[in-house]
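>>> Here you go, sequence then predicted model.
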Amino acid sequence: MSPDRQEGNSGWSLRTATILILVAFAISVDEGPVPRLEPPIALAGPFVPFGMCMGGMKPSEQVAYCRKIGFSGLGLQDMGGRVLGEFAGLPEVASGEFKIHSALWWTKVTEPVIDTHWFDSTLDQARRMDMAIWMVLDGPDKSERSRSTAVSMAAKAALRCRAKGVRLVLYPHGGCVVSSAEEGLALLDSLDRLGIPEVGLSIHLCHELKAGNRDRLPQVVRKVAHRLELASVSGADSDTYGKDDDNWASAIMPLDRGSFDSRIFLRALSEAGYAGPIQLHTYNLKSPAAPDYDGHLERSWGWWQSAVVRR
């Protein structure tokens, strides 16, 4: 090819590129800038509701509603032998088609005696479903006495769980003796020294925000990742810290609500290699059985499908 021909093609390419740039600029002016698309977050574990919005619904109704949306599992808002037995007896649960991941157990260090007969019967049902016990340690303060009692209670519960072959997972909850994941990790260290290393830990976006850890979320997740077995996420506002009288309204919303970007938390879990279940927190949200139900479970499911892919 001659030098003249090469120059001609170069000039044509330059003019073409200039025209394309001008056209793109005109489109951006007429229609607004093209939004920046966030890459999906890769997570290995299932996404399921934490069924605190399902009070008043029978176990069969809870499972049916979750499956209708697309969820393959559920975390229970409380535990008891009868209710767990009803869940365990459902065909979808018994076959493993629908998974019950956990049941919440609220304890108080001011009432440190565990009813072992009730607890053992509950653990029998939990073992049937390979379900974790999610233990909250509530108390009046964070004094050394309260913390010591919390360690003792967790140790006793863990030994009963060990004997029954059931996993025990600590649930850090705002306003309790253990209120953040880092405080939970410190308690697990105490259990390790007692020869009880098998207790797991959970982390919750709402409780970390309430603990003032909004700007430290990736750091906190990295620190506790090696003990994490359960996690929960929610929509939330960025300024929820210090709002202790709003009954969690600023920290627990559907995923399509709130000014805080919940993907920051999910991305931190992904980067830390977390592979366990992630539960959608639903405290104080409307029940699907309520006449004024607003479809928040369906909306959060849609948000998740657009933001997360299975690893």
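Yep, it's here.

>>> Helix, strand, or coil at the spatially closest residue to Gly165 that is not a sequence neighbour?
Nearest non-adjacent residue to Gly165, counting by Cβ to Cβ, 6 or more residues apart in numbering: Arg127, 5.5 Å away. Any C-beta I mention is one placed from the backbone N, CA and C, and that applies to glycine too. Here Arg127 is helix, with the state taken from DSSP: H, G, I helix; E, B strand; the rest coil.

>>> before we move on, what about the one 3 residues further on?
When classified by three-state DSSP, Asp130 comes out as coil.

>>> residues near it, how many?
Counted by other Cβ atoms under 10 Å, the residues lying close to Asp130 total 13.

>>> contacting residues around it?
Shown in contact with Asp130 (Cβ atoms under 8 Å, 6 or more residues apart in numbering): no residues.

>>> What score does it have for pLDDT?
In this model, Asp130 is scored at 97, pLDDT.

>>> Equivalent analysis for His296, please.
For His296, the pLDDT comes out at 98.

>>> Now the residue nearest to it when sequence neighbours are not counted, what are its backbone angles?
Using Cβ to Cβ, 6+ apart and skipping residues adjacent in sequence, the residue nearest His296 is Pro254, 4.0 Å away. Pro254 adopts backbone torsions of phi -60, psi 160, taken as degrees, to the nearest 10.

>>> is it true that Pro254 touches Glu298?
No: assessed by Cβ atoms under 8 Å, Pro254 is found out of contact with Glu298, at 9.2 Å.

>>> Name the residue in these two with the higher neighbour count.
Taking other Cβ under 10 Å, Pro254 and Glu298 do not tie; Pro254 has more neighbours (22 against 15).

>>> ok, now which ones touch the more buried one?
Counting by Cβ under 8 Å, 6+ apart, Pro254 has contacts Ser234, Gly235, Leu285, His296, Leu297, Arg299, Ser300, Trp303.

>>> how close does the fifth one sit to His101?
Plainly put, Leu297 is 16 Å away from His101 if you go by Cβ to Cβ, to the nearest Å.

>>> what's the helix or strand in which Ser300 is found packed up against?
Using DSSP states H and E, Ser300 falls within helix 296-307. Using 3 or more Cβ pairs under 8 Å, 6 or more residues apart in numbering; DSSP states H and E, the elements in contact with helix 296-307 are strand 47-50, helix 59-69, strand 278-281.

>>> Any chance you could give me the second one in CSV, C-alpha atoms only?
What follows is helix 59-69, C-alpha atoms only, in CSV (Å, rounded to 0.1, in the frame of the first residue of the first chain):
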residue,chain,number,x,y,z
PRO,A,59,-45.3,-23.2,59.1
SER,A,60,-46.8,-24.7,55.9
GLU,A,61,-48.0,-21.2,54.9
GLN,A,62,-44.5,-19.7,55.5
VAL,A,63,-42.8,-22.3,53.4
ALA,A,64,-45.4,-22.1,50.6
TYR,A,65,-45.1,-18.3,50.4
CYS,A,66,-41.3,-18.3,50.4
ARG,A,67,-41.3,-20.9,47.6
LYS,A,68,-43.8,-19.0,45.5
ILE,A,69,-41.4,-16.0,45.5
